[in-house]
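Colleague: missing the sequence, but the structure's below:
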């Protein structure tokens, strides 16, 4: 995991830092006294989560970021935020998409403390049901605000969880399966919160492709790659079908989802590791769970107990 921090009251240095961290931009300040900018970043690869604290009023004009950029305001306001077709202002509790990845934007930060979460554009496509088997149109957000307050709250909670429980623990964030699972979960939360172009209903061709032979190919791929970061799009590609066909096949034949099956396979690997581990050599439930992509110890323990009718700790101790 990579981290990034900045703390300065020099406006020119702040502009240089922001241009490196985001995209080329011009900033200005109407605050008479010297203002301070404090910025920290946690990095999962395809996802970065930043906390910014500006104790002055700062105008900004930013070139296209090339990434999905979400903003959650904690304190203060962001005013006169504009890009083609949108003009809006945001206050405490608001979660918004700053601008499409290919568009410039501008506005004013007014003594605000806020979060910026950025995702690679293809991450949404990897977790969404898209329209073709090969080249497809990338999934796009079609609105800059969530479709409901509840959807916005759930997304804020997901961002907070990634920041406070994964990025806050470097050893956890450096686990490849943890980073992959957390990134996919965040992308799925973004798609659930914002209107977008993802297609979710299977077409006639998808239904034809959802046959047992295809499902066997998908299951074999999952079994062979459970120790690696994989997406729904990876599984669909290995099975030579669309994501929608894959999801339909899992629902029809297994009453499950592809990622739920991945989780089940990884749980079985964690179970085998717990059985084989030696506690006196330093093996822990948390470490084994993290190795297999389970970043929340309590949820792992509950899922394990539901499946194996004992606690993971008891298995580790040979009970």
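Modeller: Nice, thanks for sending it over. Predicted model, so just to flag it, every value in this text is computed and none were measured. Numbers count the residues shown, from 1 in each chain.
Colleague: which stretches of the stretch 1-150 of the chain form helices?
Modeller: 11-21, 121-127, 149-161 (DSSP state H, counting those that start in this stretch).
Colleague: Deepest in the core, which of those helices is it.
Modeller: Mean neighbour count, computed with mean count of other C-beta atoms under 10 Å, is highest for helix 121-127 among the helices of the stretch 1-150 of the chain, reaching a mean of 21. Backbone N, C-alpha and C define where each C-beta goes, glycine included.
Colleague: got the helices of the stretch 1-150 of the chain as TSV, with distance to residue 268 columns?
Modeller: Converted to TSV, the helices of the stretch 1-150 of the chain look like this (distance: least, C-beta to C-beta, whole Å):
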stretch	distance to residue 268
helix 11-21	41
helix 121-127	23
helix 149-161	25
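Colleague: Kindly reformat those as JSON lines containing distance to residue 244 and mean pLDDT.
Modeller: Formatted as JSON lines, those follow (distance: least, C-beta to C-beta, whole Å; pLDDT from 0 to 100):
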{"stretch": "helix 11-21", "distance to residue 244": "36", "mean pLDDT": "95"}
{"stretch": "helix 121-127", "distance to residue 244": "13", "mean pLDDT": "85"}
{"stretch": "helix 149-161", "distance to residue 244": "22", "mean pLDDT": "94"}
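Colleague: Of all those, which one is nearest residue 95?
Modeller: Each of the helices of the stretch 1-150 of the chain was scored for nearness to residue 95 using C-beta to C-beta, and the closest is helix 149-161 (4.7 Å).
Colleague: who does that closest one touch, helix- and strand-wise?
Modeller: Using 3 or more C-beta pairs under 8 Å, 6 or more residues apart in numbering; DSSP states H and E as the contact test, the elements touching helix 149-161 are strand 67-83, strand 95-97, helix 176-193.
Colleague: Which one of the ones you listed lies nearest to residue 210?
Modeller: helix 176-193 (21.2 Å).
Colleague: before we move on, back to that, in JSON lines, list the helices and strands packed on helix 149-161 along with distance to residue 229.
Modeller: Written out in JSON lines, the entries for the helices and strands packed on helix 149-161 read as follows (distance: least, C-beta to C-beta, whole Å):
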{"stretch": "strand 67-83", "distance to residue 229": "19"}
{"stretch": "strand 95-97", "distance to residue 229": "25"}
{"stretch": "helix 176-193", "distance to residue 229": "3"}
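Colleague: Check those for me: which has the lowest mean pLDDT.
Modeller: Lowest mean pLDDT within the helices and strands packed on helix 149-161: helix 176-193, a mean of 91.
Colleague: Beyond that one, next helix or strand please.
Modeller: Downstream of helix 176-193, the next assigned helix or strand under DSSP states H and E is helix 204-209.
Colleague: Which pLDDT value belongs to residue 200?
Modeller: In this prediction residue 200 is given a pLDDT of 62.
Colleague: Could you number the chain from 33 rather than 1 from now on?
Modeller: Done: numbering now begins at 33, and the last item shifts to residue 232.
Colleague: low pLDDT regions in the stretch 183-332 of the chain?
Modeller: By pLDDT under 70, the low-scoring segments of the stretch 183-332 of the chain are 231-235.
Colleague: circling back: can I get the helices and strands packed on helix 181-193 in JSON lines including mean neighbour count and distance to residue 198?
Modeller: Output for the helices and strands packed on helix 181-193, formatted as JSON lines (neighbours: other C-beta atoms under 10 Å; distance: least, C-beta to C-beta, whole Å):
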{"stretch": "strand 99-115", "mean neighbour count": "19", "distance to residue 198": "17"}
{"stretch": "strand 127-129", "mean neighbour count": "22", "distance to residue 198": "19"}
{"stretch": "helix 208-225", "mean neighbour count": "21", "distance to residue 198": "5"}
